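Asks: Have a look; sequence and predicted model below, questions after that.
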Amino acid sequence: MTYRLRFPFRSTHEITNFASSIALSPSGIQAFLEPHLPYVVLNLEGFESESAAAEALPFAWGAVMLASVLSGWGFKAETTLDRVTYADDPERAAQKLHENFGLPISGPVHGLVNGNLPAAVPVDKNIRYVTAGDVTVHQSIPASRIAPYLERALSHRDVGRVFEDKRLKLALELWSDYHREHSLQAKFLTLVMVLEVLAPPTTKHGVAQAIIDRWDTELTSELRHYAEDSEECEAIESLRREVLFRKERSIRSRIRQHILEIVGAVSCDDAHPTAQMAVRAYDLRGSLLHTGTLAPTELSDGHGAALKALRTVLLASFGVSERWVGK
């Protein structure tokens, strides 16, 4: 018996012209896209066991997310693996599905699985999928346009290595949400938020930290002179917490440093220009939040810089550069 990994995902765009399966042909991988609207299902085949198919989950997720970055379309996918519930009586199971869900009877049903979730399923069994929920869309793309991006992503064999990166997962969730926003302001703020999420907290230089430690000692000593619930005590404790917060680098500095490191690892030529674009976008974001407005040209420039910088950073997070994309 052979197994396939069934990996459903949703697009922020409506998928059109998708009446039948689309074969994918990345080297050495058996894969095809299957319509289960509003979901698109990536199927990876040729596994000798259920566990082997399940182990391909990080690879499938990584390929779909990388395809999202490559295409510029938002894709969302669950990463909790569902298990097939096998029927004791396949004939009766088919009848029950028809009665309870209105599903047409197309032979015995050997098992049932949640169509919203990834699952490792046997190829030679009739497994039915029950999908709940829907997705609101405002633009459309033909299914045939998704296929080349997925083929390219599937050709990157290390695409699953970032599966456990929680920051990247959150960033990709926000990247997908960006495509649902309508106003340029909301789109711009979401992009900069993603750049912030990707930049992990880092501490200032040891010299600066030593000074902050001395201030902390002085403020802690000063606290002893005042009653615990006094206004003076509250003011000093608030200042102490603010001082300790300053041990970390500023968000602006973290974004710049993260980009220099991660983009520099795949393309030295792109690192500094990308960092400059991201910092420029972050500065404009600060102006927007403090004043409540930006000139239309500044907002457009900031959005363009943030989008270009974020695409480069997300690609680098998967270990590839723009040059890899263009090959």
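Replies: Cool, got the structure.
Asks: From here on, just use CA atoms for contacts and neighbour counts.
Replies: OK.
Asks: Just the terminal-to-terminal distance for stretch 21-36.
Replies: End-to-end distance for stretch 21-36, by C-alpha to C-alpha, to the nearest Å: 10 Å.
Asks: buried residues in stretch 281-293?
Replies: Residues of stretch 281-293 classed as buried by neighbour count (16 or more other C-alpha atoms under 10 Å): 281, 282, 284, 285, 288.
Asks: now stretch 112-127
Replies: By neighbour count on 16+ other C-alpha under 10 Å, the buried set for stretch 112-127 is 112-122, 126-127.
Asks: One more: stretch 199-210?
Replies: Neighbour counts over stretch 199-210 (16+ other C-alpha under 10 Å) mark 199, 201, 209 as buried.
Asks: Does residue 66 touch residue 317 like I think?
Replies: No. Using C-alpha atoms under 8 Å, residue 66 is not in contact with residue 317; the gap is 9.6 Å.
Asks: quick revisit: want to throw the buried residues of stretch 281-293 into JSON lines with distance to residue 184 and secondary structure?
Replies: Formatted as JSON lines, the buried residues of stretch 281-293 follow (distance: C-alpha to C-alpha, whole Å; DSSP: H, G, I helix; E, B strand; the rest coil):
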{"residue": "281", "distance to residue 184": "13", "secondary structure": "helix"}
{"residue": "282", "distance to residue 184": "15", "secondary structure": "helix"}
{"residue": "284", "distance to residue 184": "13", "secondary structure": "helix"}
{"residue": "285", "distance to residue 184": "12", "secondary structure": "helix"}
{"residue": "288", "distance to residue 184": "12", "secondary structure": "helix"}
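Asks: can you pull out the strands in the stretch 201-327 of the chain?
Replies: Using DSSP state E, counting those that start in this stretch, the stretch 201-327 of the chain contains no strands.
Asks: pLDDT below threshold where in it?
Replies: 247-248, 327 (pLDDT under 70).
Asks: The same query, at a cut-off of 80, please.
Replies: Of all residues in the stretch 201-327 of the chain, those with pLDDT under 80 make up the ranges 202-206, 208-209, 243-249, 326-327.
Asks: can you check the stretch 51-200 of the chain too?
Replies: Using pLDDT under 80, the flagged stretches of the stretch 51-200 of the chain are 97-106, 130-140.
Asks: now with 50?
Replies: 134-138 (pLDDT under 50).
Asks: bridging residues for residue 85?
Replies: residue 112 (DSSP bridges).
Asks: and it, how far is that from residue 122?
Replies: Going from residue 85 to residue 122 by C-alpha to C-alpha gives 12 Å.
Asks: Between residue 66 and residue 317, which is the more surrounded one?
Replies: Shown here are residue 66 and residue 317; by other C-alpha atoms under 10 Å, residue 66 has more neighbours (27 against 22).
Asks: Give me the nearest residue to the more buried one, chain neighbours excluded.
Replies: Of all residues not flanking residue 66 in the chain, residue 153 sits nearest, at 5.9 Å (C-alpha to C-alpha, 6 or more residues apart in numbering).
Asks: In terms of secondary structure, what does whichever strand or helix holds the one you found contact?
Replies: For residue 153, the host element (DSSP states H and E) is helix 143-154. Applying 3 or more C-alpha pairs under 8 Å, 6 or more residues apart in numbering; DSSP states H and E, one finds that helix 143-154 makes contact with strand 22-24, helix 57-71.
Asks: The longest one: which residues count as buried?
Replies: The neighbour-count check on helix 57-71 (16+ other C-alpha under 10 Å) flags 57-70 as buried.
Asks: Near residue 224, how many other residues are there?
Replies: Per other C-alpha under 10 Å, the neighbour tally for residue 224 reads 10.
Asks: again, but for residue 222
Replies: Using other C-alpha under 10 Å, residue 222 has 14 other residues around it.
Asks: next one: residue 215
Replies: Residue 215, neighbours per other C-alpha under 10 Å, totals 15.
Asks: And it, how far from residue 229?
Replies: Residue 215 is 22 Å from residue 229, by C-alpha to C-alpha.
Asks: can you map out the helices along the stretch 201-327 of the chain?
Replies: With helices called from DSSP state H, counting those that start in this stretch, the stretch 201-327 of the chain shows them at 206-223, 231-245, 251-264, 268-291, 296-317, 322-326.
Asks: coming back round to it: give me the contact list for the helix holding residue 153.
Replies: 15-18, 22, 24-26, 33, 59-60, 62-64, 66-68, 70-71, 159 (C-alpha atoms under 8 Å, 6 or more residues apart in numbering).
Asks: go on, stretch 301-312?
Replies: By C-alpha under 8 Å, 6+ apart, stretch 301-312 touches 69, 184, 187-188, 191-192, 194-195, 263, 274-275, 277-278, 280-281, 284-285, 321-322.
Asks: Can you say which of those are buried?
Replies: Buried members of the contacts of stretch 301-312, counted by 16+ other C-alpha under 10 Å: 69, 187-188, 191-192, 194-195, 263, 274-275, 277-278, 280-281, 284-285, 321.
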